[in-house]
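> Give me a model of this one.
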Amino acid sequence: MLSYVLILLLGWTLLSCSKSKTNNPSPTPPAPTTAPELSIQNASLVRETKDTVMTFYIYLNKSTTSDVSVDYNVVDGTAISPTDFETGSGTIDIPAGGTQAKIDVAIKGNPIDLRQPNLQFTVKLSNPKSCTLVSDSAVGTIVTENGTYLPTDTTGYSTPTSYSGYKLVWSDEFSGNQLNKNYWVTEIGNGTNGWGNNELEYYTDSPDNVFVSAGNLIIEARKESYSGYDYTSARIKTQGKYSFQYGRVDIRAKLPKGQGIWPALWMLGSNISSVGWPACGETDIMELIGSQPSVVHGTLHWASTAGVDTYKTATYNSGDFSQQFHVFSILWSQDTLKLLVDNHLYLTGTKTDVGSANYPFNANQFFIFNVAVGGGFPGNPDSTTVFPQRMFVDYVRVFQKTK
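From the prediction side, this is the model:
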């Protein structure tokens, strides 16, 4: 009997062990190792007058025990090899344990530092080994938009350097390589209520926005984020540097255009700080609504007896003012002020026009040149507006009658 019980117990134990082994799951195999991910970053470099190098960085998201490689090829875009850069191709290796490599592209210098739209080319990757490509190309940008040399076509109307019965008393021919600070002050900011006009730009003194090149003053309006604004431009004046009374003024300029662009050549009374505007008087030698590039506006502003802005205005049509230079002039004498384009008279203002109000145009005035963006006069830019927009000024000359 005892032997029979022992046999039963032994059988039960063997059966339990057998079931236990059968129900025990197989060990989970290790997860397959995923290949590291490789990416390349865009690069940019300001073009210099000498040759330089632009570096593109390649990254792995993790290290690996295997060597990694990828082929590359440098491809033309708006930047063209070999004028702008040296093209090339090859293979980049990242040794086991590494996570980074680089590709150097030689960038050609430009001795004249030409201002032009930024130039771009592409570095393309292919044939990855022991890795996968997250990004297979990167853009290289050669920054040329801030170049200091900007020539322009000089055709158009011109005026003489002398007139019978007049002498040249002041001028700026913009023949140097920078704005003459003995003549001009650059205004900064957006003023009050967008300089009183709901303008959208921020005026700077940066050479990106105002500079002298190839015999011209250039004011450039840009679409760029700056100090909380979406556009930049420049506004310069001779206030505190030069003002005058009476004579002939000639300003030779080529104008920008586009929806929301507002170039102006104008003057304000030198007593504005004491009497305010419009009591000081404002002479708008030229204003243009950028969406109407064939029409310029001339206006005289003064204060009525009630202190309200009052004005006399006229327009002059002549093709597209952005295509050639034109000369905007005033003939200014006591009690009379005339506006001309290419020596064609189109507005005459007199003391009679002002009536019983104070006539402010017998007192000294100073110059203001600017390119506004947006505002009540031109409206705001839209998707059709092309930036940058530039006003070129060849010269400003003041003649006064000889005694």
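
> Name the residues of stretch 190-210 that are buried.
Of all the residues in stretch 190-210, those buried under the rule 16 or more other CB atoms under 10 Å are 190, 194-195, 199-210. Every residue, glycine included, has its C-beta placed from N, CA and C.

> Quick one: mean pLDDT over it.
Stretch 190-210 comes out with an average pLDDT of 97.

> Now do that stretch: distance from first to last residue.
From its first residue to its last, stretch 190-210 covers 16 Å (CA to CA, to the nearest Å).

> now it, how far from the centre of its chain.
How far stretch 190-210 lies from its chain's middle: 13 Å, per CA atoms, centre = their mean, to the nearest Å.

> still on that earlier bit, which of the buried residues of stretch 190-210 fall in strands?
201, 202, 203, 210 (DSSP state E).

> Closest one of the buried residues of stretch 190-210 to residue 133?
Among the buried residues of stretch 190-210, residue 208 lies closest to residue 133 (CB to CB), at 37.0 Å.

> Quick check: chain neighbours aside, which residue is closest to that closest one?
Excluding the flanking residues, the one nearest residue 208 by CB to CB, 6 or more residues apart in numbering is residue 146, at 5.4 Å.

> okay but the one you found is in contact with residue 46, surely?
Yes - at 7.2 Å, residue 146 and residue 46 qualify as touching, with contact defined as CB atoms under 8 Å.

> State the pair within the buried residues of stretch 190-210 that is farthest apart.
Comparing all pairs in the buried residues of stretch 190-210 by CB to CB, the longest separation belongs to 194 and 207, at 23.7 Å.

> Run through this protein and note the low-pLDDT ranges.
In the predicted model of the chain, residues 1-33 satisfy pLDDT under 70.

> Count residues in the vicinity of residue 182, would you?
By other CB atoms under 10 Å, the residues close to residue 182 number 9.

> typo on my end, residue 394
Using other CB under 10 Å, the number of residues around residue 394 comes to 22.

> circling back: ok, now how distant is the residue nearest to residue 208 from residue 154?
Here residue 146 is placed at a distance of 23 Å from residue 154 (CB to CB, to the nearest Å).

> Please enumerate the strands of the stretch 101-250 of the chain.
Listed in chain order, the strands of the stretch 101-250 of the chain (DSSP state E, counting those that start in this stretch) span 119-129, 132-133, 137-143, 166-172, 185-186, 201-203, 210-213, 216-226, 229-233, 235-237, 247-254.

> Could you say which of those is packed most deeply?
strand 201-203 (a mean of 26; mean count of other CB atoms under 10 Å).

> what about residue 382, which SS state?
Look at residue 382: counting by DSSP: H, G, I helix; E, B strand; the rest coil, its state is coil.

> That one reaches residue 258, doesn't it?
No - using CB under 8 Å, residue 382 is not in contact with residue 258; the gap is 9.2 Å.

> neighbour count winner among the two?
Neighbour tally, residue 382 and residue 258, criterion other CB under 10 Å: the higher count belongs to residue 258, 20 against 10.

> Doesn't that one lie inside a helix?
No - counting by three-state DSSP, residue 258 falls outside a helix, being coil.

> for it, phi and psi?
phi 120, psi 150 (degrees, to the nearest 10).

> wait, it sits on residue 384?
Yes - using CB under 8 Å, residue 258 is in contact with residue 384, at 7.1 Å.

> and for the two, which residues touch both?
The overlap between the contact sets of residue 258 and residue 384 (CB atoms under 8 Å, 6 or more residues apart in numbering) is empty.

> longest strand anywhere in this structure?
strand 389-401.

> what's the angle between that one and strand 216-226?
Per axes from the mean of the first three to the mean of the last three CA atoms, to 10 degrees, the angle that strand 389-401 makes with strand 216-226 is 140 degrees.

> returning to that earlier point: looking at the ones in strands among the buried residues of stretch 190-210, spot the one nearest residue 114.
So of those, ranked by how close each gets to residue 114 (CB to CB), first place is residue 210, at 18.1 Å.
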